[in-house]
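Asks: Fold the stuff below for me.
(2 chains)
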Amino acid sequence: EAGVTQSPTHLIKTRGQQVTLRCSPISGHTSVYWYQQALGLGLQFLLWYDEGEERNRGNFPPRFSGRQFPNYSSELNVNALELEDSALYLCASSHTEGRGPETQYFGPGTRLLVL
Amino acid sequence: GIQVEQSPPDLILQEGANSTLRCNFSDSVNNLQWFHQNPWGQLINLFYIPSGTKQNGRLSATTVATERYSLLYISSSQTTDSGVYFCAVISGGSYIPTFGRGTSLIVHP
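Replies: Predicted coordinates:
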């Protein structure tokens, strides 16, 4: 069974540019979560998609957005990049039952550097 | 929202030593997971353990939900155990995991 995949693995952008990160969940998982992990820090929740809908978002500005496709893959878009957006962006997938996601499985992440 | 505190923040061990990592949380939880983030950034599931005890090789975990804490035990540590260990919980109907700040573990040969 293939795990969660993310692309690209690394990315270098300049301030003001836009970036799109991609995530493919484990087959059968309908939920995708996005997290930001700045250097040396913990994981900050960004966005949660389930069954094609945005279910919740963390405390991030609107220039962070995304979507989930009918095949449950997801994109994270960041507009007007700022230096502090440099981070590891992690995607996780899971089943979501009545008591919340059962087990989250993470992809390898995308390392974004903004110059 | 729920607060998650992990201790110790940093741990340095000699290969072969045992260790206990702790995760305290401020409210009842529906879901608790332990992860290991390796030096390349990959988060690896260790345990899904909202309550009870589980073991997997040299690792074991216990969650005492009524007392709002979980422990991760690492026995006979190896250099490959190095990395950051995170505890993540879900409480109530939020569906959003809250992560602790992690315990950074270095195992020297």
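Asks: Okay, strands next: where are they in the chain?
Replies: I'll assume chain A. For chain A, the strands defined by DSSP state E occupy A:5-7, A:10-13, A:19-24, A:31-37, A:44-50, A:53-57, A:64-68, A:74-78, A:87-94, A:96-97, A:100-101, A:105-106, A:110-114.
Asks: wait, I meant chain B there
Replies: Using DSSP E, strands in chain B cover B:4-7, B:10-14, B:19-25, B:31-37, B:43-48, B:52-56, B:59-64, B:69-74, B:83-90, B:98-99, B:103-108.
Asks: which of those sits most buried?
Replies: Mean neighbours per residue, mean count of other CB atoms under 10 Å in any protein chain shown, is largest over the strands of chain B for strand B:83-90, with a mean of 25. In short, each C-beta sits where N, CA and C put it, glycine included.
Asks: I'd like to check what contacts that one. Which residues are they?
Replies: Strand B:83-90 has contacts (CB atoms under 8 Å, 6 or more residues apart in numbering or on different chains) with A:42-43, A:99-101, A:104, B:2, B:4, B:6, B:21, B:23, B:25, B:29-39, B:43, B:46, B:70, B:72, B:96-100, B:102-105.
Asks: Comparing the strands of chain A, which yields the minimum mean pLDDT?
Replies: Among those, strand A:100-101 has the lowest mean pLDDT, at a mean of 62.
Asks: ok, which residues in chain B are in contact with chain A?
Replies: Within chain B, the positions adjacent to chain A are B:30-31, B:33, B:35, B:40-45, B:48, B:86, B:88, B:90, B:93-102 by CB under 8 Å from any CB of the partner chain.
Asks: before we move on, back to that, and the strands of chain A as JSON lines, adding distance to B:Leu59 and mean neighbour count?
Replies: Converted to JSON lines, those look like this (distance: least, CB to CB, whole Å; neighbours: other CB atoms under 10 Å in any protein chain shown):
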{"stretch": "strand A:5-7", "distance to B:Leu59": "26", "mean neighbour count": "16"}
{"stretch": "strand A:10-13", "distance to B:Leu59": "30", "mean neighbour count": "13"}
{"stretch": "strand A:19-24", "distance to B:Leu59": "27", "mean neighbour count": "20"}
{"stretch": "strand A:31-37", "distance to B:Leu59": "23", "mean neighbour count": "24"}
{"stretch": "strand A:44-50", "distance to B:Leu59": "26", "mean neighbour count": "22"}
{"stretch": "strand A:53-57", "distance to B:Leu59": "31", "mean neighbour count": "14"}
{"stretch": "strand A:64-68", "distance to B:Leu59": "33", "mean neighbour count": "19"}
{"stretch": "strand A:74-78", "distance to B:Leu59": "31", "mean neighbour count": "20"}
{"stretch": "strand A:87-94", "distance to B:Leu59": "20", "mean neighbour count": "25"}
{"stretch": "strand A:96-97", "distance to B:Leu59": "25", "mean neighbour count": "14"}
{"stretch": "strand A:100-101", "distance to B:Leu59": "22", "mean neighbour count": "24"}
{"stretch": "strand A:105-106", "distance to B:Leu59": "18", "mean neighbour count": "20"}
{"stretch": "strand A:110-114", "distance to B:Leu59": "27", "mean neighbour count": "18"}
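Asks: Fine, thanks again, bye for now.
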